[in-house]
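A.B. asks: any chance you could fold what I've pasted below:
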Amino acid sequence: MNKKRLLIIDDDSRNIFALVNTLKARSFECSSCLSAEEALKILAEDKTFDAVLIDMMMPEMDGYEAIPLIKELPSQESAYVIAVTAQAMKGDKEKCLEAGADAYISKPVDVDKLLQILNEI
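C.D. replies: Here you go, the predicted structure:
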């Protein structure tokens, strides 16, 4: 069985640390970066990610701006993007899906729910 490869994009290194450790313990291969700009560079060169988890609220370029750009990359046209947000306000899920996310999860991340999403891809 091949490990699923994930790219985690979050401007808070504590969130990255928690997600990476949780997912690696469950046999996922994780890479991470602190900005959408950096993620776009990584994704332009590497088409082997099974999913991208992106924090929706980041400085400079947020997830709403980044998701369409990710999906436009030739190497990522079928990328599975999971929007992650601490806001969890009414309408956020719909807004994330309209931006091109394939799934949505709020912080603090419910690991069981995240695993369910990841196991469906």
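A.B. asks: can you give me the offset of the helix or strand of the chain with the lowest mean pLDDT from its chain's centre?
C.D. replies: Least confident helix or strand, the chain: helix 92-98 with a mean of 89, by mean pLDDT, DSSP states H and E. The chain centre lies 14 Å from the centre of helix 92-98; the measure is C-alpha atoms, centre = their mean, to the nearest Å.
A.B. asks: how about the secondary structure of A83?
C.D. replies: Under DSSP: H, G, I helix; E, B strand; the rest coil, A83 falls in the strand class.
A.B. asks: any regions of the protein where pLDDT drops low?
C.D. replies: Scanning the chain for pLDDT under 70 picks out the ranges 1-2, 87-88.
A.B. asks: quick one, strands of it?
C.D. replies: 5-9, 29-33, 51-55, 81-85, 103-106 (DSSP state E).
A.B. asks: tell me the most buried of those?
C.D. replies: The highest mean neighbour count among the strands of the chain, using mean count of other C-beta atoms under 10 Å, belongs to strand 51-55: a mean of 25. To be clear about C-beta, it is placed using only N, CA and C from the backbone, and glycine gets the same treatment.
A.B. asks: for the protein, which segments count as helices?
C.D. replies: Ranges of helices in the chain, per DSSP state H, are 13-24, 36-45, 63-72, 92-98, 111-120.
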